[in-house]
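A.B. asks: Mind folding the following:
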Amino acid sequence: MTAVLDPELVEALHAAKDRAYKAAIDAPDQQRLNHFFLLYNQERGVFGNRKGNRWRMTRREWIERHVVIVDKKARAIPFTYNQSQRNLEAVLLRQERRGAPRRVVILKVRQNGISTFTLAVFLHALLTVANLNLRVVTDREELCETLLNRVKLMFQRLRMNDGSPWSLNPEKSNRDMIVMGAPFNSRIQVVSANTPNPGFGETNLYVDMEETSKWPDAEEKGKGIELALPELPETLAIDVSQAKGNTGYFADKFRRAWYKQQGLALPDDLKQEDNGGVSDGSGWHAMFIPWFLHEEYRWTKIGSNPPVLPEPVRARIEKTLTPEERILLAQRFHIRGKPPQCVSYDQLAWRRYYISEKCNGNLQTFHEQCPAFPEEALLASGRSAFNLEHVQFKMGTHIRAPLAVAKLVESEGKPHLLHDRHGELSVWRWPAMGRQYVIGVDTAAGVRGGDPCVAQVIDAQTEALVAEWYGWEPPHAFGRTVKLLSDLYNATVAVETHPSQHGLAVYEAAEAAGCQRLFVQQRWEDREGKFVLRKGWIMSAQGKALVIDRVAIALADQNVDTPSKRLLQECMDAQLDEKEKIDRKCRNDAIMAYGIALKLLETVKIQNVKPAEPEKLPPSGSDEDFWRARNQRRGSTDGTPRRFDKGPNGQGL
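C.D. replies: Just a heads-up that it's a prediction; the model follows:
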């Protein structure tokens, strides 16, 4: 049975607390500090947030009740969480309840209040937890004093329930540090990343790293701060920054955490640090905050604009929508206390205004400053291998949950599905009678933590992706899986056997298992002077470029169903190197399997066309019957067949 607190009793307790505050205002500073400590200390205070305390006050309640901030209009107002801050608070609470060290890496947009939230959380810890060292590391020296002044203003404006100040004084306060004496014995320090060792010194249980993408020697300094953090549930580390490209200390950390949360295999440039793909669940949590989640990013919030978007403005936007804006209109998001909603024309109008006025019309700058998707921020300074508008459209409209996620096993010589949410096979459409299917296979060693083995099944009539096998199996086992997948969809299979080191082993394993529909490629061999048959799909450098181009064509076609999140994520991440080829650091296993399936479909269609019967031209002067029959076979409607064996005067050529 849940105990219900009497509202009158709660109000009486708060009134008694306020009287005690006012009685302590005229008392010496130390007495006021002791009084506050006995009220709010997490372990022993009356309102401490310890388990079993019926009067406990959560961190959010404490901050929203007592902290005052200065808004953009220079007004002192009570701190109330916005949607981004509520989302971050929820992430911290989940980690606290799990008993894991609190670690959050945040890819943010400009001016969304995350830094203010972090400083308020640090102030709460400074005044409610004893013997605590907190450190904020910024990218610029001039920002250190700015951030600490914000903490001091929060400290000086701490208010009681009736709005009167607490009038608490720290033991020491200077341009880079606030020190609380007994009974707190805690301090908060703000340092610059330009110092040689910003993370060394005393053990810091709370660390806030601001704009790490701009740090000099970010890898060395960031790792030093992380290693100095104890792996305890009481510790907190927040790394918040803009991306500044898809490489570097912050981008790598965010991508590693983001890929794990999305269930995606790590790219080649990250997997060497992944500890074999094993995660204990206590690492960094990646959090992305899109621009449209911020309530102030609306056209009606700009200056003296009217409170409602004018109809002519809406109509003009609606007539000139770009593909990217159509994708945004389909994005759904949640704001607490309101039903789920989509991006509005009011927000699109703000976006156009910001691109024109703040970014000088540069869309890439807007993607870096105010991304709608993580990929936009991470790729803002790179060169994508595919058209990002096409990929984003597919991600916004085509991605959906599969009908089944299962393990593909053999039972009595036939394919059988064991439903398992961790299974390798994802099915979006079941095999249907009368439909034809093809399968593209990209092979690997099958070692978890390395490249995955991928098989993509597409419908031969519509080119729709109907199923995907994505996992890690050694070549001999993956060959049997390919055979089962071919039997399940009665599909022709193309296995990449060159230059893959494991493709031929997969092909022969599938052949030994009884797969009857393995693709054999006919190639001209100069050494032998004839066409020869080669097992599997031979991938040359030119052939790989053709495969990539074929994938780009499928992405550009909005009618080609592409529901795989893994495939589209790889397309979004694919970057070009200096030779205009897909960078080897980018994962492209699903891309290659999908492209092989599409190229195989073209090859099968060509082979299904009945070739013309070879004809041997007769010698000059043959009878008219041959030419008349030949003309009829070619479908000519001309009554007089054209002669090629006579000149204009009837003489032979």
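A.B. asks: Can you tell me, leaving aside adjacent residues, what's nearest to residue 349?
C.D. replies: Once flanking residues are discounted, residue 349 sits nearest to residue 299: 3.6 Å by CB to CB, 6 or more residues apart in numbering. From N, CA and C alone the C-beta is placed, and that goes for glycine too.
A.B. asks: same check, this time on residue 478
C.D. replies: Closest to residue 478 by CB to CB, 6+ apart is residue 453, at 4.9 Å.
A.B. asks: Where does pLDDT dip in the stretch 451-600 of the chain?
C.D. replies: 526, 578, 583-585 (pLDDT under 70).
A.B. asks: quick one on the thing from earlier: got phi/psi on the residue nearest to residue 349?
C.D. replies: Residue 299 adopts backbone torsions of phi -60, psi -40, taken as degrees, to the nearest 10.
A.B. asks: residues contacting it?
C.D. replies: Contacts here follow CB atoms under 8 Å, 6 or more residues apart in numbering; on that basis residue 299 touches 305, 309, 313, 346-347, 349-350, 353.
A.B. asks: Any of these buried? List them.
C.D. replies: Among the contacts of residue 299, those scoring as buried are 305, 309, 313, 346-347, 349-350 (criterion: 16 or more other CB atoms under 10 Å).
A.B. asks: Let's have the residues you listed in TSV, adding distance to residue 150 and secondary structure.
C.D. replies: Below are the buried ones among the contacts of residue 299 laid out as TSV (distance: CB to CB, whole Å; DSSP: H, G, I helix; E, B strand; the rest coil):
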residue	distance to residue 150	secondary structure
305	29	coil
309	34	coil
313	37	helix
346	30	helix
347	28	helix
349	32	helix
350	26	helix
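A.B. asks: Identify, from those, the entry nearest to residue 567.
C.D. replies: Residue 567 lies nearest to residue 347 out of the buried ones among the contacts of residue 299, by CB to CB, at 29.0 Å.
A.B. asks: In contact with the closest one, which residues are there?
C.D. replies: Here residue 347 is in contact with 292, 297-299, 328 (CB under 8 Å, 6+ apart).
A.B. asks: Among these, name the ones in strands.
C.D. replies: Residues of the contacts of residue 347 located in strands (DSSP state E): none.
A.B. asks: Which of the contacts of residue 299 scores worst on pLDDT?
C.D. replies: Within the contacts of residue 299, the minimum per-residue pLDDT falls on residue 305 (86).
A.B. asks: Quick check: closest non-adjacent residue to that residue.
C.D. replies: residue 299 (6.1 Å).
A.B. asks: Pull up the gap between that neighbour and residue 357, please.
C.D. replies: Distance from residue 299 to residue 357, counting by CB to CB, to the nearest Å: 12 Å.
A.B. asks: do the same with residue 168
C.D. replies: The separation that residue 168 has from residue 357, given CB to CB, amounts to 43 Å.
A.B. asks: out of those two, which sits in the busier spot?
C.D. replies: The neighbour comparison of residue 168 against residue 357 (other CB atoms under 10 Å) goes to residue 168, with 15 against 10.
A.B. asks: residues near the closest residue to residue 436 other than its chain neighbours, how many?
C.D. replies: Closest residue to residue 436 apart from its sequence neighbours, by CB to CB, 6+ apart: residue 460 at 3.9 Å. Residue 460: 18 surrounding residues under other CB under 10 Å.
A.B. asks: Residue 460 and residue 76, how far apart?
C.D. replies: 67 Å.
A.B. asks: how much space between the residue nearest to residue 212 when sequence neighbours are not counted and residue 290?
C.D. replies: In space, residue 212 comes closest to residue 250 once its chain neighbours are excluded; the distance is 4.4 Å by CB to CB, 6+ apart. To residue 290, residue 250 is 18 Å away according to CB to CB.
A.B. asks: Name the residue in those two with the higher neighbour count.
C.D. replies: residue 250 (27 against 23).
A.B. asks: I'd guessed that one sits against residue 219; true?
C.D. replies: No. Using CB atoms under 8 Å, residue 250 is not in contact with residue 219, being 9.7 Å away.
A.B. asks: for the record, mean pLDDT for stretch 323-332?
C.D. replies: The predicted confidence, averaged over stretch 323-332, sits at 86.
A.B. asks: same thing with stretch 114-129?
C.D. replies: 90.
A.B. asks: Over to stretch 392-408?
C.D. replies: So the average pLDDT for stretch 392-408 ends up being 89.
A.B. asks: which parts of that stretch are buried?
C.D. replies: Buried residues in stretch 392-408 (16+ other CB under 10 Å): 392-396, 398, 402, 405-406, 408.
A.B. asks: What strand or helix carries the residue nearest to residue 212?
C.D. replies: helix 249-262 (DSSP states H and E).
A.B. asks: can I get the CA coordinates of that helix in CSV?
C.D. replies: What follows is helix 249-262, C-alpha atoms only, in CSV (Å, rounded to 0.1, in the frame of the first residue of the first chain):
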residue,chain,number,x,y,z
TYR,A,249,38.1,12.9,-29.7
PHE,A,250,34.5,14.1,-29.2
ALA,A,251,33.2,12.8,-32.5
ASP,A,252,34.7,9.3,-31.9
LYS,A,253,33.4,9.1,-28.4
PHE,A,254,29.9,10.1,-29.5
ARG,A,255,29.8,7.8,-32.5
ARG,A,256,31.0,4.8,-30.4
ALA,A,257,28.3,5.3,-27.8
TRP,A,258,25.6,6.1,-30.5
TYR,A,259,26.4,3.1,-32.6
LYS,A,260,26.2,0.8,-29.6
GLN,A,261,22.8,2.3,-28.5
GLN,A,262,21.4,1.9,-32.0
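A.B. asks: how far does it sit from the chain's center?
C.D. replies: How far helix 249-262 lies from its chain's middle: 8 Å, per CA atoms, centre = their mean, to the nearest Å.
A.B. asks: what packs against that helix?
C.D. replies: strand 102-107, helix 218-228, strand 236-241, helix 268-271, strand 285-288, helix 374-378 (3 or more CB pairs under 8 Å, 6 or more residues apart in numbering; DSSP states H and E).
A.B. asks: ok so, going back, any figure for the gap between the residue nearest to residue 349 and residue 332?
C.D. replies: 20 Å.
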